[in-house]
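Colleague: predicted structure and sequence below. I'll ask about it afterward.
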Amino acid sequence: MDVAAVVFDLDGTLIDTEQLWDEVRRELAAADGRPWPEQATTAMMGMSTPEWSRHLVEEVGLRGTPADAARRTIDGMLAHYHRGLPVLPGAVEAVRRMHAAVGLLGAATSSPRVLLDAALAELGVSELFTATVSTEEVAAGKPAPDGYLACCEKLGVDPARAVAVEDSGNGIRSAAAAGMAVVAIPPHFHPPGADVLALATVLEDLSGLTAELLAELPAPRPR
């Protein structure tokens with residue numbers, strides 16, 4: 001495949017925060033005396049800030065407005081970030097390797113802008129990213145393709161010549177729906193099913209994300 005750009009997801013792909021999001025939200029529900037619904041964790045993976053904050057109020061039952069739920073959650077995440085960002089093994093090296101291979105890097109994440117910028121700065125790779133998109137800045141979060149399409153537009157590349165690096169089922173669906181090739185590194189925390197992983201080239205970890213792999217990727221399915 002002739003790859004023009006690589007677009008990274010953030011949570012669960014570069015930083016080990018998917019479980020942290022879940023812990024913060026569960027703590028808020030417990031503080032408000034609300035039981036945690038069985039499907040809430042997987043339902044919110046990939047949702048944009050307006051979507052998951054509304055879900056926390058309408059489905060989980062947090063007190064206040066969706067804006068209150070978003071503020072409380074983001075404050076909780078920032079507190080964890082300030083105590084030390086949990087970086088996945090090989091994350092910084094993979095970013096630098098992809099930058100050397102293709103030159104154009106993007107990020108398309110469900111994290112709000114404040115957490116996206118804080119994470120890339122903490123990783124020390126902000127200057128390597130030409131375009132970054134938080135799904136709170138587009139019409140719909142993952143699994144809708146909006147975030148990836150917006151990032152490819154900012155990068156000035158055809159999605160069919162871009163590779164997404166993802167971990168979650170909703171993220172894989174989002175990138176595939178955008179018409180991108182997808183590399184998936186499934187997490188131990190709520191891994192995607194085999195049907196979703198069939199949409200991607202699956203790696204064990206970020207060490208397998210190399211220039212050689214990019215060249216060998218099959219072209220994405222037409223949208």
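Modeller: Great, that's in hand.
Colleague: need the contact list for residue 66.
Modeller: Residue 66 is in contact with 50, 53-54, 56-57, counting by C-beta atoms under 8 Å, 6 or more residues apart in numbering. Every residue, glycine included, has its C-beta placed from N, CA and C.
Colleague: could you find the closest non-adjacent residue to it?
Modeller: Distances taken as C-beta to C-beta, 6 or more residues apart in numbering place residue 53 nearest to residue 66, at 4.0 Å, with adjacent residues excluded.
Colleague: give me the domain ranges for the chain.
Modeller: Following the TED database, one gets these domains for the chain: 3-14+86-214, 16-81.
Colleague: closest one of the contacts of residue 66 to residue 152?
Modeller: For the contacts of residue 66, the closest approach to residue 152 (C-beta to C-beta) belongs to residue 50, at 22.1 Å.
Colleague: ok, now how distant is that closest one from residue 12?
Modeller: Going from residue 50 to residue 12 by C-beta to C-beta, to the nearest Å gives 21 Å.
Colleague: who's more crowded, these two?
Modeller: Neighbour count, other C-beta atoms under 10 Å: between residue 50 and residue 12, residue 12 has more, with 26 against 17.
Colleague: check which helix or strand covers the residue of the chain positioned farthest from its centre.
Modeller: Distance to the chain centre peaks in the chain at residue 33, reaching 29.4 Å (criterion: C-alpha atoms, centre = their mean). Secondary structure from DSSP states H and E places residue 33 outside every helix and strand.
Colleague: let me know the pLDDT of it.
Modeller: Note on residue 33: pLDDT of 97.
Colleague: phi, psi for it please.
Modeller: When read as degrees, to the nearest 10, the backbone of residue 33 gives phi 70, psi 30.
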